[in-house]
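# missing the sequence, but the structure's below:
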Ligand SMILES: Nc1ncnc2c1ncn2[C@@H]1O[C@H](COP(=O)(O)OP(=O)(O)OP(=O)(O)O)[C@@H](O)[C@H]1O
């Protein structure tokens, strides 16, 4: 556990009418206390999870399109103005880590292809472009992620099969042993959210609040769908 608190410096914000401050979950944010090695951000599409995660990444000096502190490459970088108005409280301060952004991982892989001099040691011994999307994510988790570090992951499940998501849970378990690593993960995966002893922050209903696994829509909807698939589909496809 390294990052303990995220504070929105509300007094410095001149207007909450414009993006990103206009996002309801962000506009109502004061402080988020992080107490666990694994924290999830969950919520409907567009509720502000990536916006906050990216601001944290920017504040950590990680490349906001994905990477660590030493990854410099050109990509149409998303705006990161929220980072100007948040404060991160650390104990102790940490500089090692990685921001995974599924949508710009291809550009990150190209960057590694250009700069790597170690036979892709940090990526399982093969160029990330020669690995499938899911394989390349797992290689990153298995080989580059190590030691004391903070990992900010935006929808890591995007490339992972259900079985590989379980593998990822195990990797997280190993990396957080002895409180070595800290993860903050924006996800829609009911499998990843099932990680034990994690805090889950919901971005729904215009605020960021702690919630329980079984209370997330991801859990409830998936469970209901699996148990009542035919009924649900019949209702979904019914003519008006
Ligand atoms: N550059 C931008 N300018 C204006 N609005 C933006 C910009 N980027 C994102 N938004 C808006 O901000 C809101 C929050 O977006 P964000 O990407 O943080 O959502 P999210 O919770 O991560 O969603 P998802 O689950 O779909 O990834 C959305 O309504 C989005 O349309």
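On my side now, so go ahead. This one's a predicted model, so the numbers in the text were calculated from it and none came from an experiment.

# touching the longest helix along the chain from outside, list them.
Secondary structure of the chain read by DSSP state H shows that its longest helix is helix 162-176. Helix 162-176 has contacts (C-beta atoms under 8 Å, 6 or more residues apart in numbering) with 37-38, 134, 137-138, 141-142, 145-146, 151, 156-157, 160, 181-183, 189, 191-192, 194-195. C-beta: built from backbone N, CA, C; applies to glycine.

# buried members of those residues into ChimeraX, please.
In ChimeraX syntax, the buried subset of the contacts of helix 162-176 is picked out as below (16 or more other C-beta atoms under 10 Å):
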select :37,38,134,137,138,141,142,145,151,156,157,160,181,182,183,189,191,192,194,195
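
# return the subset of the contacts of helix 162-176 lying in strands.
Counting by DSSP state E, those place 38, 151, 181-183 in strands.

# on that earlier part again, list the buried residues of the longest helix of the chain.
So helix 162-176, judged by 16+ other C-beta under 10 Å, has buried residues 164-165, 168-169, 171-172, 175-176.

# which parts of the protein are strands?
Using DSSP E, strands in the chain cover 3-8, 31-33, 38-42, 86-90, 97-101, 149-154, 181-186, 199-202, 209-211.

# going by mean pLDDT, which of those strands comes out lowest?
For those, mean pLDDT drops lowest on strand 97-101, to a mean of 92.

# could you dump the strands of the chain into a markdown table with distance to residue 50 added?
Formatted as a markdown table, these follow (distance: least, C-beta to C-beta, whole Å):
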| stretch | distance to residue 50 |
| --- | --- |
| strand 3-8 | 15 |
| strand 31-33 | 15 |
| strand 38-42 | 9 |
| strand 86-90 | 14 |
| strand 97-101 | 8 |
| strand 149-154 | 5 |
| strand 181-186 | 6 |
| strand 199-202 | 14 |
| strand 209-211 | 18 |
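
# quick check: which of those is nearest to the ligand?
In terms of C-beta to the nearest ligand atom, the element of the strands of the chain nearest to the ligand is strand 181-186, at 5.8 Å.

# now residue 85: closest residue in space that isn't a chain neighbour?
In this structure, residue 85 finds its nearest non-sequential neighbour in residue 9, 4.8 Å apart by C-beta to C-beta, 6 or more residues apart in numbering.

# tell me how many other residues crowd that neighbour.
10 (other C-beta atoms under 10 Å).

# buried set for the lowest-mean-pLDDT helix or strand in the chain?
Within the chain, no helix or strand scores below helix 105-115, which has a mean of 82 by mean pLDDT, DSSP states H and E. Under the neighbour-count criterion of 16+ other C-beta under 10 Å, helix 105-115 has 105, 107-109, 111-112 buried.

# how many other residues sit next to residue 159?
17.

# check contacts around it.
Counting by C-beta under 8 Å, 6+ apart, residue 159 has contacts 102, 105, 132-134, 136-137.

# related to what we said a few turns ago, now the angle from the least confident helix or strand of the chain to strand 149-154?
140 degrees (axes from the mean of the first three to the mean of the last three C-alpha atoms, to 10 degrees).

# helix 105-115 - contacts with which helices or strands?
Packed against helix 105-115, as judged by 3 or more C-beta pairs under 8 Å, 6 or more residues apart in numbering; DSSP states H and E, are the following elements: helix 133-139.

# how many neighbours does residue 23 have?
Residue 23: 20 neighbours (other C-beta under 10 Å).

# when you give positions from now on, start the count at 25
Shifting the count to begin at 25 puts that one at residue 47.

# pretty sure it sits against residue 74.
No - Residue 47 is beyond contact range of residue 74, at 10.3 Å (criterion: C-beta atoms under 8 Å).

# can you redo the buried residues of helix 186-200 as CSV with pLDDT and distance to residue 151?
Formatted as CSV, these follow (pLDDT from 0 to 100; distance: C-beta to C-beta, whole Å):
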residue, pLDDT, distance to residue 151
188, 96, 20
189, 97, 24
192, 96, 21
193, 97, 27
195, 96, 21
196, 97, 25
199, 95, 24
200, 95, 29
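
# kind regards, and thank you for your time.
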